[in-house]
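Undergrad: have a look at this prediction, sequence included:
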Amino acid sequence: MRIEAYNQVAQLYQTSNTKNTSQAAKQSSMGRDEVQISSTGRDYNVAKAAVSEASDIREDLVADIKARIKAGTYEVSTEDFADKLMSQFGSIL
């Protein structure tokens, strides 16, 4: 059995292990990834939050229509209704 060959292999292993350790140290010293959001992105986020907080229901219009229905004065033109219906769903047909 050749002891010199074993010693050479052990030295190569130690050298390789030292290189791997130093590379790992370099990678950990680099720090973490960072993300920077532009001012346009921040403005977009603020606008998106404001829109999501806003109500989708127009309370004043709903209250007015409810009052007219209750009073019996609310009337819808069948022609206007058909026009809106066709503009909304006409592309499906």
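TA: Thanks, I have the structure now.
Undergrad: so where's this structure uncertain?
TA: 1-6, 9, 12-13, 16-30, 93 (pLDDT under 70).
Undergrad: center of it, which residue is that?
TA: Centroid check for the chain by CA atoms, centre = their mean gives residue 45 as the closest residue, at 10.1 Å.
Undergrad: for it, give me its contacts.
TA: Residues in contact with residue 45 (CB atoms under 8 Å, 6 or more residues apart in numbering) are residue 37. Any C-beta I mention is one placed from the backbone N, CA and C, and that applies to glycine too.
Undergrad: how far away is it from residue 87?
TA: In this view, residue 45 and residue 87 are 34 Å apart by CB to CB, to the nearest Å.
Undergrad: residue 90 and residue 82: what is the separation?
TA: In terms of CB to CB, residue 90 sits 10 Å off from residue 82.
Undergrad: again but with residue 46, I slipped
TA: Relative to residue 82, residue 46 is positioned 41 Å away (CB to CB).
Undergrad: ok so, going back, figure out the helix or strand that the residue nearest to the centre of the chain lives in.
TA: helix 39-53 (DSSP states H and E).
Undergrad: dump that helix to PDB, keeping only the CA atoms.
TA: Extracted in PDB, the C-alpha atoms of helix 39-53 (Å, rounded to 0.1, in the frame of the first residue of the first chain):
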ATOM      1  CA  SER A  39     -41.500  56.100  -7.200                       C
ATOM      2  CA  THR A  40     -44.000  55.300  -9.900                       C
ATOM      3  CA  GLY A  41     -44.500  51.800  -8.400                       C
ATOM      4  CA  ARG A  42     -45.100  53.400  -5.000                       C
ATOM      5  CA  ASP A  43     -47.600  55.900  -6.500                       C
ATOM      6  CA  TYR A  44     -49.400  53.000  -8.200                       C
ATOM      7  CA  ASN A  45     -49.600  51.100  -4.900                       C
ATOM      8  CA  VAL A  46     -51.100  54.200  -3.100                       C
ATOM      9  CA  ALA A  47     -53.600  54.600  -5.900                       C
ATOM     10  CA  LYS A  48     -54.500  50.900  -5.900                       C
ATOM     11  CA  ALA A  49     -55.100  51.000  -2.100                       C
ATOM     12  CA  ALA A  50     -57.300  54.100  -2.400                       C
ATOM     13  CA  VAL A  51     -59.400  52.500  -5.200                       C
ATOM     14  CA  SER A  52     -59.800  49.300  -3.200                       C
ATOM     15  CA  GLU A  53     -61.000  51.300  -0.100                       C
END
